[in-house]
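Undergrad: Sequence plus the predicted model coming up.
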Amino acid sequence: MPNEDIWGYRADSGYETGTALIGFKVEATDGSIGKVDEHTDEAGAGYLVVDTGVWIFGKHVLLPASTIQRIDRDNETVYVNRTKNQIKDAPEFEREKQPRDPTYLEQFGKYYGTPHM
């Protein structure tokens, strides 16, 4: 997937603009990673911030919108197409930095834009 496409929600994910995802559980391909703490669906800058709780000691991780494989509204669960280790090894999310700043998002774009198959 080209780097510029990683910030958009996949058409087949079930996401609809305006859908509130805060509080939804987040499942990696190999298990639970936490809950959605915040999200945005801004054009070209869609992402989730996931509170991982005790899984990686209270760390928050940023996941570009394209990593969402499917949204199950009935069970309030977001399924992403990365493993727990791939998410754990991602650049650290720093809340005090401006996530909507393209230069800040670039490091995540490089990491998640790299094929992980």
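TA: Cool, got the structure.
Undergrad: Could you pull out the buried residues of the longest helix seen in the chain?
TA: Ranked by number of residues, the top helix in the chain under DSSP state H is helix 102-113. By 16 or more other C-beta atoms under 10 Å, the buried positions in helix 102-113 come out as 105, 108-109, 111-113. Every C-beta, even on glycine, is put in place using the N, C-alpha and C of the backbone.
Undergrad: And those residues, which is closest to residue 70?
TA: For these, the closest approach to residue 70 (C-beta to C-beta) belongs to residue 112, at 17.3 Å.
Undergrad: and the residue lying closest to that closest one once chain neighbours are set aside, bridged to which residues?
TA: Nearest residue to residue 112, sequence neighbours excluded (C-beta to C-beta, 6 or more residues apart in numbering): residue 64, at 5.0 Å. Following DSSP bridges, residue 64 is listed with bridge partners residue 47.
Undergrad: Quick check: buried residues in stretch 22-37?
TA: 24-28, 33-37.
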